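Visitor: Mind folding the following:
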Amino acid sequence: MQEAARLLKGFEKPVRPVGGATKPWLPAREEEPLETGGLDRVLEHNVGDFTAVLEAGVPFADAQKAFAEHGQRLAWDPPDPGGATIGGIVASADSGPLRHRYGGVRDLVVGINVVLSDGTIAKAGGKVIKNVAGYDLAKLFAGSMGTLGLIAAVSVRLHPLPDQTATVVIEHTNPDHLLEEVLKLARRPLEADKFDVVWTGGHGRILMEFSGASALDQAGQVGNVRDVDWDDVRGMQRGEVVIKVSGRPTDLPKVIRAADDHGGTVVSRAALGLSWIALQNAEGVAGIRAALGPRNCVVLDGVSEAAEPAPGQEVMERLKARFDPARIFRPGVYVGGI
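Guide: I've put the predicted structure just below:
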């Protein structure tokens, strides 16, 4: 961390923090790579408190193996082709199906250390779950895409590693009937870890995973247990062009029909109103945005779209000026050209 601070102090060229380089949907620019591979230590694992402190360059898979030895896990499950790092996951706020029960990336970060463009090391939060001092700074850097500073280390909340899981699959070919089923299941007192909908080629599936000692009992209340490759489900969040849609659970049929009209596929955190539409090319982006407006549609690939002004543009520009006055951290990459 100190080395990164010395390097950045007085640095004038644009830089790009790089961990495992597993985010192909982030824009490629002429920037100096700032490798985090040297920040690869699990600084603390407080087993009794279910917390840990990790440097940004720790491979996510390695951290999970270390936690699993004590029957614990970090309840993130982003699409990971292999090599994703802790810092990269926080910077992209990239989440997977476990978000249904455990929240997004920022919900499990209780503290953060960052290095700013003038070499200043800033710290916020702490090591315990109830410490909220500076928590907003962790929220701010989660999803910042490396545009505000270098994430050097984070303190995270852990959860028990389940001893068994069971997944139920419910199939539908009508988007409206599928939504009715989703809303009915969402109202039931079920403790699902994952609650996704996938839609491809006119066919939809509701996927619910339960865990723990009651996994099979809870699953049996919903339907028949089937094997599901959740890596394939996460993989649907990646593609040539992917649009992330933030709306309401009841928007699901509209999202599905917009995707069908442009030859796309959908994966949705059904009860949260978050969906990812994957397309073969960028030709359908404008049509999907028009069909789903005023819902927020962010293009994760096909980054030329990112230059469009975004809601809260003035606030984000002030944040950029405050945290990166030298404008060396990925200038122009964030939404609205920030």
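Visitor: Spatially central residue for the chain, please.
Guide: What sits nearest the mean C-alpha location of the chain, by C-alpha atoms, centre = their mean, is D94, with 1.8 Å.
Visitor: how near is that residue to G20?
Guide: 12 Å (C-beta to C-beta, to the nearest Å). C-beta here means a position set from N, CA and C on the backbone, and glycine is covered the same way.
Visitor: can you list residues touching both of the two?
Guide: A84, G88 (C-beta atoms under 8 Å, 6 or more residues apart in numbering).
Visitor: how is this structure carved up into domains?
Guide: 2-161, 165-304 (automatic domain parsing).
Visitor: mind checking which of these is nearest V333?
Guide: Nearest of those to V333, taken as C-beta to C-beta: domain 2-161 at 5.4 Å.
Visitor: average pLDDT for that closest one?
Guide: Looking at domain 2-161 alone, the average pLDDT works out to 86.
Visitor: got the domains of the chain as a markdown table, with distance to R330 columns?
Guide: Listed next are the domains of the chain as a markdown table, based on distance: least, C-beta to C-beta, whole Å:
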| stretch | distance to R330 |
| --- | --- |
| domain 2-161 | 5 |
| domain 165-304 | 11 |
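Visitor: Ok, which of those comes nearest I328?
Guide: domain 2-161 (5.0 Å).
Visitor: Tell me which stretches of the stretch 101-250 of the chain form strands.
Guide: All strands of the stretch 101-250 of the chain, identified by DSSP state E, counting those that start in this stretch, fall at 109-115, 121-125, 150-157, 159-160, 165-172, 194-200, 203-211, 241-246.
Visitor: C-terminal to the last one, what's the next element?
Guide: The reference is to strand 241-246. The helix or strand immediately downstream of strand 241-246 is helix 252-261, counting by DSSP states H and E.
Visitor: Taking strand 194-200 as reference, get the angle to that following helix.
Guide: 30 degrees (axes from the mean of the first three to the mean of the last three C-alpha atoms, to 10 degrees).
Visitor: And for helix 252-261, what's in contact with it?
Guide: By C-beta under 8 Å, 6+ apart, helix 252-261 touches 175-176, 178-179, 182, 197, 199, 202, 204, 245, 247, 264-266, 268, 270, 275, 277, 284, 287-288, 291-292.
Visitor: One more pass at 7 Å, please.
Guide: Residues from elsewhere that reach helix 252-261, judged by C-beta atoms under 7 Å, 6 or more residues apart in numbering: 175-176, 179, 182, 197, 199, 202, 245, 265-266, 268, 270, 275, 277, 287-288, 291-292.
Visitor: returning to what we had before: mind giving me CSV with the strands of the stretch 101-250 of the chain and columns for mean neighbour count?
Guide: As requested, the strands of the stretch 101-250 of the chain are arranged in CSV below (neighbours: other C-beta atoms under 10 Å):
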stretch, mean neighbour count
strand 109-115, 25
strand 121-125, 18
strand 150-157, 25
strand 159-160, 14
strand 165-172, 18
strand 194-200, 23
strand 203-211, 21
strand 241-246, 21
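Visitor: how about those in a markdown table, adding distance to V255?
Guide: A markdown table is the format used below for the strands of the stretch 101-250 of the chain (distance: least, C-beta to C-beta, whole Å):
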| stretch | distance to V255 |
| --- | --- |
| strand 109-115 | 28 |
| strand 121-125 | 35 |
| strand 150-157 | 31 |
| strand 159-160 | 30 |
| strand 165-172 | 14 |
| strand 194-200 | 9 |
| strand 203-211 | 11 |
| strand 241-246 | 6 |
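Visitor: do you know which of these lies nearest F329?
Guide: It is, among those and with distance given as C-beta to C-beta, strand 150-157, at 7.6 Å.
Visitor: neighbours of V315, just the number please.
Guide: Using other C-beta atoms under 10 Å, V315 has 10 other residues around it.
Visitor: and it, which of the three is it?
Guide: helix (DSSP: H, G, I helix; E, B strand; the rest coil).
Visitor: Now do the helices in the stretch 201-338 of the chain.
Guide: Using DSSP state H, counting those that start in this stretch, the helices of the stretch 201-338 of the chain run over residues 215-220, 230-235, 252-261, 285-292, 313-323.
Visitor: Can you say which of these is packed in most?
Guide: Most buried of the helices of the stretch 201-338 of the chain, by mean neighbour count (mean count of other C-beta atoms under 10 Å): helix 252-261, with a mean of 21.
Visitor: angle of that one against strand 241-246?
Guide: Per the same axes, to 10 degrees, the angle that helix 252-261 makes with strand 241-246 is 170 degrees.
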